[in-house]
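Engineer: whatever this is, show me its structure:
(one chain, ligands or ions: 1)
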Amino acid sequence: MSDASRERLAAQLAEAVAEALRQDLATQERALLVVSGGSTPVPFFRALAACELPWSRIDVTLADERWVPETAADSNARLVREHLLQGPAAEAHFAPLTTSAPTPEQGEAEVAERIERLAWPASVVILGMGGDGHTASLFPDSQELALALATDAAAVAVRTPSQPQPRITLSADRLHQARRHVLHISGGDKRAVLARALAGDDSRELPIRAFLSCPLATYWAP
Ligand SMILES: O=C(O)[C@H](O)[C@@H](O)[C@H](O)[C@H](O)COP(=O)(O)O
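Structural biologist: Numbers count the residues shown, from 1 in each chain. Okay, the predicted model is just below:
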């Protein structure tokens, strides 16, 4: 593990994402960035927040979220607010993926309505990946995986035996529609999972496979 190389990678990714947003904002009024949660994006969020951008013209949303209040330690919305929406970047319009409804199934329609108002198609989708090949909240053992891979709905509530909380995820279709796709990962374990995904043929085993031909620009550090 090398913190310095992860920081360097985060800075390179931030510059590439900022450039993509600037490019799109040259021809459209607003641009949308879709980010992932987890631990990997934190240095990227900080580096992007430091980039000079017309933040008030940028929408930000998440690829997925745990159905927890924003005060929870593992809320992706909290992560985005604390590390990305800081300084001038606080001017961005952020659309979280949770509501006050007790379950994601009950909140799904309101979330879908909220995110439909954003500047689709997204300029960039940044995906993470877990050791089981999941990306966003498309887990191999999600009960709704087949639905989330096939539906044209924007967001899907998911129940996953391997995960402690219910979640909500953007559908594969909605994520596919973005202009640019990035996979941001670190560590030898994840490189090995990606190699398996590149060699395999079933998105139900390693859901990241559903994005390999987007094309997916991989940002990896040891
Ligand atoms: O909120 C999340 O957890 C993301 O939805 C998930 O898909 C994440 O990108 C991977 O699990 C990688 O997480 P790490 O960056 O923490 O390894």
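
Engineer: can you give me how far the helix or strand containing Ile185 is from the chain middle?
Structural biologist: Counting by DSSP states H and E, the element that carries Ile185 is strand 180-186. Relative to its chain's centre, strand 180-186 lies at 9 Å (CA atoms, centre = their mean, to the nearest Å).

Engineer: wouldn't Ile115 be in contact with Ala154 here?
Structural biologist: Yes - under the criterion of CB atoms under 8 Å, Ile115 makes contact with Ala154 at 5.5 Å. Backbone N, C-alpha and C define where each C-beta goes, glycine included.

Engineer: between these two, which contacts overlap?
Structural biologist: Shared contacts of Ile115 and Ala154 (CB atoms under 8 Å, 6 or more residues apart in numbering): Leu170.

Engineer: show me where this protein has helices.
Structural biologist: Residue ranges of the helices in the chain, as given by DSSP state H, are 3-25, 42-49, 76-83, 104-116, 145-150, 172-176, 188-199.

Engineer: who's in contact with Glu13?
Structural biologist: To be clear, residue 13 is Leu; Glu isn't right here. 44, 47, 126, 182, 184, 219.

Engineer: quick one: contacts for the third one?
Structural biologist: For Ile126, the contact set (CB under 8 Å, 6+ apart) comprises 13, 17, 33-36, 41, 44, 63, 182, 184.

Engineer: any idea how far it is from the ligand?
Structural biologist: From Ile126 across to the ligand, the span is 9 Å (CB to the nearest ligand atom, to the nearest Å).

Engineer: for the fourth one, same thing?
Structural biologist: Val182 is 12 Å from the ligand, where distance means CB to the nearest ligand atom.

Engineer: contact partners for that residue?
Structural biologist: 13, 16-17, 124-127, 216-219.

Engineer: how about 10 Å then?
Structural biologist: 13, 16-17, 20, 34-36, 44, 124-128, 211, 214, 216-219 (CB atoms under 10 Å, 6 or more residues apart in numbering).

Engineer: near the ligand, which residues of this structure show up?
Structural biologist: 36-40, 64, 76, 128-130, 134-137 (CB under 6 Å from any ligand atom).

Engineer: make a markdown table out of those and add neighbour count and pLDDT.
Structural biologist: Shown next, in a markdown table, are the residues of the chain next to the ligand (neighbours: other CB atoms under 10 Å; pLDDT from 0 to 100):
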| residue | neighbour count | pLDDT |
| --- | --- | --- |
| Ser36 | 24 | 98 |
| Gly37 | 23 | 98 |
| Gly38 | 15 | 95 |
| Ser39 | 9 | 96 |
| Thr40 | 21 | 97 |
| Asp64 | 27 | 98 |
| Asn76 | 25 | 98 |
| Gly128 | 23 | 98 |
| Met129 | 24 | 98 |
| Gly130 | 19 | 97 |
| His134 | 24 | 98 |
| Thr135 | 27 | 98 |
| Ala136 | 31 | 98 |
| Ser137 | 33 | 98 |
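
Engineer: ok, and the closest non-adjacent residue to the residue sitting nearest the centre point of the chain?
Structural biologist: In the chain, the centroid-proximal residue (CA atoms, centre = their mean) is Ser36; its distance is 2.8 Å. Distances taken as CB to CB, 6 or more residues apart in numbering place Gly128 nearest to Ser36, at 4.1 Å, with adjacent residues excluded.

Engineer: verify the contact between the one you found and Thr135 for me.
Structural biologist: Yes - the pair Gly128 / Thr135 is scored as a contact, 6.6 Å apart, by CB atoms under 10 Å.
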